[in-house]
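# got a sequence here, can you build the structure:
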Amino acid sequence: MSRIEGAVALVTGANRGVGLAIVEELLERGAARVYAGVRDPAEPAPPGSERVQLDITDRTQVAAAAAECGDVTLLVNNAGYFANQRLVLTDDDEAARREMEVNYFGTLAMTRAFAPILGRNGGGTIVNVLSVAAVVPAAFMGGYSTSKAASHYLSVITRAELEPQGTQVTALVLGSVDTRMASHVEGNKANPRDIAKVGLDGVEAGASTVATDRMAIDAMAAHAADPETFERQLAKLLRVATLRAPG
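You can find the predicted model right below:
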């Protein structure tokens with residue numbers, strides 16, 4: 001189990017949405033220090049946190065963050081990218097590559113950079129913020145789903161590799177959340193702060209995987225019960241959806 005109180009955390013993609021909510025919840029729970037990884041040089045750090053310039057696809061910035069934040073005991077890999085493009089029938093054949101660069105390779109780079117730091121600091125914890133699309137093949141967000149599935153496997157493999165140094169790895173499986181990334185999605189969406197609370201409760205309980213909201217729970221259960229039918233239903237969403245870029 002991982003205690004938040006007294007922890008030193010680094011959260012990527014910390015300036016809005018779920019990342020911002022996690023920063024706020026960490027501070028409320030008594031984290032000793034929270035580094036806020038922010039990609040845009042014009043974006044300030046959330047109040048109470050310390051800003052770290054960090055584009056997780058930039059190896060130089062990842063290395064600089066590791067050098068600057070050598071006291072980290074809790075790494076939250078939250079930064080993500082959704083291109084809102086089809087995977088095969090697309091007019092942007094680089095979209096899936098960009099999604100993979102951020103959602104998988106960027107997360108892998110952060111994990112590699114901070115694994116030895118966590119080991120030196122007693123083991124610590126890695127939290128990977130995923131999506132229900134990581135565990136259920138979502139045809140209507142094909143490149144994103146594929147990249148998040150890769151990060152889901154990364155979570156499991158990281159847990160196995162870092163177990164000898166005592167590092168906990170928790171994957172958060174999010175459904176529909178009220179963020180800019182999900183601005184094109186209709187229907188009920190969870191509050192990011194509620195997601196942060198449920199996710200960090202799971203971290204403190206030592207959970208390997210946490211479904212953070214009702215949509216994630218229901219989708220995972222439906223897919224487990226009848227994968228073929230559920231995947232056909234997701235395919236229908238692809239055919240009826242009108243895709244537009246997030247605002």
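# name the helix or strand of the chain that has the lowest mean pLDDT.
helix 227-240 (a mean of 85; mean pLDDT, DSSP states H and E).
# just give the closest residue to the most centrally placed residue in the chain, not the sequence neighbours.
Using CA atoms, centre = their mean, the residue of the chain that lies closest to the mean C-alpha position is Val129, 2.2 Å off. Nearest non-adjacent residue to Val129, counting by CB to CB, 6 or more residues apart in numbering: Asn78, 4.3 Å away. The C-beta positions use only the backbone N, C-alpha and C, and glycine is treated the same way.
# residues near the closest residue to Asp92 other than its chain neighbours, how many?
Closest residue to Asp92 apart from its sequence neighbours, by CB to CB, 6+ apart: Gln85 at 5.3 Å. The number of residues packed near Gln85 is 21, by other CB atoms under 10 Å.
# where does this structure dip in pLDDT?
178-189, 240-247 (pLDDT under 70).
# quick one: the helices in it?
For the chain, helices defined by DSSP state H occupy the ranges 17-28, 59-68, 95-100, 107-120, 142-162, 192-205, 214-225, 227-240.
# give me the distance between the longest one and the centre of its chain.
Relative to the mean C-alpha coordinate of its chain, helix 142-162 is positioned 10 Å out (CA atoms, centre = their mean, to the nearest Å).
# next, the angle helix 107-120 makes with it.
Calculated by axes from the mean of the first three to the mean of the last three CA atoms, to 10 degrees, helix 142-162 forms an angle of 20 degrees with helix 107-120.
# ok, now the first one?
Going by the same axes, to 10 degrees, helix 17-28 is angled at 10 degrees with respect to helix 107-120.
# repeat for the second one
Counting by the same axes, to 10 degrees, helix 59-68 points 20 degrees away from the direction of helix 107-120.
# buried sites along helix 59-68?
For helix 59-68, the neighbour count (16 or more other CB atoms under 10 Å) marks Gln61, Val62, Ala65, Ala66 as buried.
# now it - C-alpha only, CSV.
Written as CSV, here are the backbone C-alpha positions of helix 59-68 (Å, rounded to 0.1, in the frame of the first residue of the first chain):
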residue,chain,number,x,y,z
ARG,A,59,13.9,12.9,-24.1
THR,A,60,15.9,15.9,-23.0
GLN,A,61,13.0,17.3,-21.0
VAL,A,62,12.3,13.8,-19.4
ALA,A,63,16.0,13.6,-18.4
ALA,A,64,15.9,17.1,-17.0
ALA,A,65,12.8,16.3,-15.0
ALA,A,66,14.5,13.2,-13.5
ALA,A,67,17.5,15.2,-12.6
GLU,A,68,15.4,18.0,-11.0
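# can you get me a residue count around Ala32?
14.
# counting by contacts, list what the least confident helix or strand of the chain packs against.
helix 214-225 (3 or more CB pairs under 8 Å, 6 or more residues apart in numbering; DSSP states H and E).
# what's the angle from the helix it packs on to helix 227-240?
130 degrees.
# tell me which residues are up against helix 214-225.
Val132, Val135, Val136, Val173, Leu174, Gly175, Ser176, Asn188, Ala190, Ala211, Phe230, Glu231 (CB atoms under 8 Å, 6 or more residues apart in numbering).
# ok, back up a step: out of the helices of the chain, which comes closest to Ser49?
Among these, helix 17-28 comes nearest to Ser49, with 5.3 Å by CB to CB.
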